[in-house]
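> what's the 3D shape of this:
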Amino acid sequence: MKAKRTYIILLALSVIILMPGCINVNKEFSEVTDRLISNMGDDYKTEFQFSVGSVGITISSWFIDFAAREEYVDDMMREISSVQVGVYNRVEGSDRKADYRTLESINTEMDSRGWKYIVRFIDGDELTAIYISEKPDVMLKRMYLINMNADELVIVEVNGDLKKVISYAIEEKNFKIKT
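Okay, here's the model as predicted:
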């Protein structure tokens, strides 16, 4: 009986600790994804959406710390404060393609919300674009990644000190950048 009570208490504490860090996506992320999907003719339906806050990121970094050989991965995780993810399945019969027209539709919507692309490309039936905020105070603190292929659309928002994340990645890969 005592073991069962301990288990219930530990489970309850885990839920209390993790709940603030793992909730539904916020209103802004939901609005962005809804508008993007609407602009694509509602050719996508939600498979799942979730948000991981600072507590979830911290716990994830503990597991990565144990599992990863590369120390920089753990360092990068510590700089991320939250991640929101939406995965949307393409509706059967949809003719939406990862082409230049779709990319321009995404760019127009993101631009109207104050986001500028830093990377965008189309490779076969896959489209990928990365956006950062135009606002100088938020520019390297938030980022959107949008990926679309023949089957699904994935939208990810990352919040944190992205300048440090980029710095760790550059240091790890030993890129020689002249200033």
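> give me the mean pLDDT for the helix or strand harbouring Lys164.
According to DSSP states H and E, Lys164 maps onto helix 162-173. Helix 162-173 shows a mean pLDDT of 76.
> isn't Ala129 right next to Ile122, touching?
No: Ala129 is beyond contact range of Ile122, at 9.3 Å (criterion: C-beta atoms under 8 Å). Quick note: C-beta positions are derived from backbone N, CA and C, even for glycine.
> please confirm that Leu153 is located within a strand.
Yes: with DSSP: H, G, I helix; E, B strand; the rest coil as the criterion, Leu153 is part of a strand.
> which parts of the longest strand seen in the chain are buried?
The residue-count maximum for a strand in the chain (DSSP state E) belongs to strand 80-90. Residues Ile80, Ser81, Ser82, Val83, Gln84, Val85, Gly86, Val87, Tyr88, Arg90 are the ones in strand 80-90 that count as buried (16 or more other C-beta atoms under 10 Å).
> more neighbours: Ala129 and Ile122, which one.
The neighbour count for Ala129 versus Ile122, taken as other C-beta atoms under 10 Å, is higher for Ala129 (20 against 16).
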